[in-house]
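S.K.: From the sequence below, what's the structure:
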Amino acid sequence: MQDVFVRIRRFGQVDAPVLISGETGTGKELAARAIHQRSARANGPFVAINCAALPPTLIESELFGYEKGAFTGAVSRKLGLIERADGGTLFLDEIGDLPHDLQAHMLRFLQESLITRLGGHNAIHVNTRIISATHVNLEAAIEAGRFRDDLYYRLNVLQLRMPALRERGDDLLLLASYFLRRISQELGMEGGEFTPVARQAICSHCWPGNVRELIAAIRRAVVMNAGGPINPEDLAIQARPAIRHQVVQSVPHGFRPGSDEEYEAFMQALTRHHNNVTRAAAEMGVSRVTFYRKLKRHGDKPNRGGQSD
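M.R.: Predicted coordinates:
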């Protein structure tokens, strides 16, 4: 997280696209807002859109706007989100779900800072910074033909990876205690505390929903417990022997290509995910093809029979 903080401060000082990667619930939009607030655009608007939340037929008009009469029901001109973010920042969450035909329009904007409203004929200059985020591997999407490689290179100028909650070591209990105090105050209840068994359960749980799941579990526990000591049953998670998850850095931050350390990290990821290459590759920040290539270089291959892809 210290590396994340350093990058946020540095990225705020330059006006270039940022691509934030990380699992769902790791705080990608919070990081985007932090970059915006530390930039020269801080006094401008911060506009966010989830590309996966809108039907493909609506995304174009939401992003680029439309002119009056562009389609049935377009009774007046509407500015798109790119224009509304002029002078500020547009945050494109789940950029991997942007429809393929709109990716060319986004590429043109990134190259020339020009857009054309739906139903319009005049190009409009817009000064908007793009910060995008994804929880999927865009390299794999490129190989599958779902994402344009030229757009990827335009978006991926500055990289920021948000670590999963299970990778954050002792931060987990610090965050849990902080959210317990905050949620208790919000609900007007006496500040409780976690029992030792609950603390162990928090540390051993893998938290697939990350911080968002942690907040939901603590909120549920506060409501159900009404101020007393919080047990695993209140959190609705099962206590297991404490497991210290090893933090594995993704390849862009870590190992020399072809080194024994890189190979060992890949094998450990494969073991943790029970030979599921898709999940292991996602953890390491590479595509499945690259994952196989890395292991083949060392004369080893995953056991396809054990995959659950």
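S.K.: beta partners of residue 124?
M.R.: Beta-bridge partners recorded for residue 124 (DSSP bridges): residue 115.
S.K.: which stretches of the stretch 151-300 of the chain form strands?
M.R.: Using DSSP state E, counting those that start in this stretch, the strands found in the stretch 151-300 of the chain span residues 158-161.
S.K.: Give me the phi and psi for the nearest residue to residue 36 once chain neighbours are set aside.
M.R.: Nearest residue to residue 36, sequence neighbours excluded (Cβ to Cβ, 6 or more residues apart in numbering): residue 89, at 4.3 Å. In short, each C-beta sits where N, CA and C put it, glycine included. Torsion angles at residue 89 (phi, psi; degrees, to the nearest 10) stand at phi -130, psi 140.
S.K.: Count the neighbours of residue 89 for me.
M.R.: 24 (other Cβ atoms under 10 Å).
S.K.: With residue 87 instead?
M.R.: Residues lying near residue 87 (other Cβ under 10 Å) number 13.
S.K.: likewise residue 218?
M.R.: Other residues close to residue 218 by other Cβ under 10 Å number 25.
S.K.: Excluding chain neighbours, what is closest to it?
M.R.: If the residues on either side of it in the chain are set aside, residue 218 comes closest to residue 179, at 4.9 Å by Cβ to Cβ, 6+ apart.
S.K.: ok, that neighbour to residue 32 distance?
M.R.: Counting by Cβ to Cβ, to the nearest Å, the gap from residue 179 to residue 32 is 21 Å.
S.K.: ok, those two, which is more surrounded?
M.R.: residue 32 (25 against 18).
S.K.: and the nearest residue to residue 205 once chain neighbours are set aside, how far is that from residue 18?
M.R.: Nearest residue to residue 205 in three dimensions, chain neighbours excluded: residue 237, at 4.8 Å (Cβ to Cβ, 6+ apart). Here the distance between residue 237 and residue 18 works out to 34 Å (Cβ to Cβ).
S.K.: okay, these two: which has more neighbours?
M.R.: Per other Cβ under 10 Å, whichever of residue 237 and residue 18 has more neighbours is residue 18, with 26 against 19.
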